[in-house]
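Enquirer: task: produce atomic coordinates for the following.
(2 chains)
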There are 2 protein chains.
Amino acid sequence: MASKPLLVTSRFSVEEVERRTPDGQIRTRAIVRHPGAVTIIPMVDDQHVCLIRNFRVSVNQTLIELPAGTLEPPEPPEQAAYRELHEETGYKAGAMRELHGFYLSPGVLDERMHLFVATDLEPIGAAREPGEEIENLVVSWEEALELIVARKIQDAKTIVGLLLYDRLRSQNA
Amino acid sequence: MASKPLLVTSRFSVEEVERRTPDGQIRTRAIVRHPGAVTIIPMVDDQHVCLIRNFRVSVNQTLIELPAGTLEPPEPPEQAAYRELHEETGYKAGAMRELHGFYLSPGVLDERMHLFVATDLEPIGAAREPGEEIENLVVSWEEALELIVARKIQDAKTIVGLLLYDRLRSQNA
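Expert: Okay, the predicted model is just below:
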């Protein structure tokens, strides 16, 4: 697949990719290239999770989310998960376990997200980046699930993380 | 928020947005603007769902997904859901119900996805777009959930749709 750069920004780039499809035609499409990301389920204890309220410029509203952040290659995903959890929530994790990996919008964006669960948390103070507008929202596990059903959680990675971990926990229970 | 266009493509555009953050600074960031999308859970019968295998140029692999597609404004989301279900899977739905709405990657992308469940399906033949490489994959509901846990489904909207509908169904059971 031939490609040519269309745009470079500080957080992603855009490429035009050329490809021969099975019907024999050459087709081009623009794709957003992203370094990938991590998201973390911070279990404060066995029955409580630390979500965040996060103001998102792209949609001009505050979303309830799991903490997350962009990979800084060559940093491994697990290290990024420890780093982002600390920066965004102020918790240092004693253990971090990868649960899954998924693509967010593969029609236009190559971003892959690694999902972790963090346990043995110790509060050591957040280190939010300048301009980040984030606050912690610790809720019970059942409250977190109810926020999804009530459509108050509207962020895909957060819904994936909470519902998937709920299923994995109940399968192992 | 002031903004200036950086790039326009056939499927999305990129804008630089300027914003005063609570620390008093003016910050800019690039945001991918997208018209929004729909995804559909096609229930072939009460215990079977029609997934698709979809070759994705952005990640250079075939993903197992729910059918989905981009809104064509001013088309309402429900109409897009009927249209995309037919185009991608060949099923005409007798009923379409909206379950949820969510953002896919709000750090960089404003795409909002509307989630529908489609029932009373009638096979009338697909109308895939030129260059689309899609085939149907009808599985039992339990198989679909197992594909998630086995990490064979790696697409966020698909994981959200299946796990959320599973929860809503069991709450109403």
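
Enquirer: so who does the residue nearest the centre of chain A touch?
Expert: With distances taken as CA atoms, centre = their mean, the residue of chain A nearest its centroid is residue A:39 (3.6 Å). By CB atoms under 8 Å, 6 or more residues apart in numbering or on different chains, the contact list for residue A:39 reads A:66, A:67, A:68, A:113, A:114, A:115, A:116, A:157, A:158, A:161. Quick note: C-beta positions are derived from backbone N, CA and C, even for glycine.

Enquirer: so which residues make contact with the host helix or strand of the fourth one?
Expert: Per DSSP states H and E, residue A:113 falls inside strand A:112-123. With CB under 8 Å, 6+ apart as the test, strand A:112-123 has contacts from A:36-44, A:50, A:68, A:77-78, A:80-82, A:85, A:90-104, A:157, A:160-161, A:164-165, B:59, B:156.

Enquirer: pull out the buried residues from those residues.
Expert: Neighbour-count burial within the contacts of strand A:112-123 applies to A:36-44, A:50, A:68, A:77, A:80-82, A:85, A:90-91, A:93, A:96, A:99-100, A:102-104, A:157, A:160-161, A:164-165, B:59, B:156; the criterion is 16 or more other CB atoms under 10 Å in any protein chain shown.

Enquirer: which ones among those are found in strands?
Expert: The strands, defined by DSSP state E, take in A:37-44, A:50, A:68, A:91, A:93, A:96, A:99-100, A:102-103 from the buried ones among the contacts of strand A:112-123.

Enquirer: if I look at the residue of chain A positioned farthest from its centre, how far off is residue B:132?
Expert: Computed with CA atoms, centre = their mean, the residue of chain A farthest from its C-alpha average is residue A:24, at 37.2 Å. Residue A:24 sits 14 Å away from residue B:132 when distances are taken as CB to CB, to the nearest Å.

Enquirer: again with residue A:42
Expert: Separation of residue A:42 from residue B:132 (CB to CB): 40 Å.

Enquirer: cool, residue A:17 as well?
Expert: Residue A:17 is 15 Å from residue B:132, where distance means CB to CB.

Enquirer: please apply the same query to residue A:37.
Expert: Taking CB to CB, one finds residue A:37 at 27 Å from residue B:132.

Enquirer: can I get the biggest helix by length in chain A as PDB, trimmed to CA atoms?
Expert: Longest helix in chain A by number of residues (criterion: DSSP state H): helix A:156-172. What follows is helix A:156-172, C-alpha atoms only, in PDB (Å, rounded to 0.1, in the frame of the first residue of the first chain):
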ATOM      1  CA  ALA A 156     -16.600   3.900  24.400                       C
ATOM      2  CA  LYS A 157     -13.300   2.800  26.100                       C
ATOM      3  CA  THR A 158     -15.000   3.300  29.500                       C
ATOM      4  CA  ILE A 159     -18.000   1.200  28.600                       C
ATOM      5  CA  VAL A 160     -15.800  -1.500  27.200                       C
ATOM      6  CA  GLY A 161     -13.500  -1.500  30.300                       C
ATOM      7  CA  LEU A 162     -16.300  -1.700  32.900                       C
ATOM      8  CA  LEU A 163     -18.600  -4.200  31.200                       C
ATOM      9  CA  LEU A 164     -15.700  -6.500  30.100                       C
ATOM     10  CA  TYR A 165     -14.100  -6.500  33.500                       C
ATOM     11  CA  ASP A 166     -17.500  -7.100  35.100                       C
ATOM     12  CA  ARG A 167     -17.900 -10.200  32.900                       C
ATOM     13  CA  LEU A 168     -14.400 -11.500  33.600                       C
ATOM     14  CA  ARG A 169     -14.900 -11.100  37.300                       C
ATOM     15  CA  SER A 170     -18.200 -12.900  37.300                       C
ATOM     16  CA  GLN A 171     -16.800 -15.700  35.200                       C
ATOM     17  CA  ASN A 172     -14.000 -16.200  37.700                       C
END
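
Enquirer: right, I'll leave it there.
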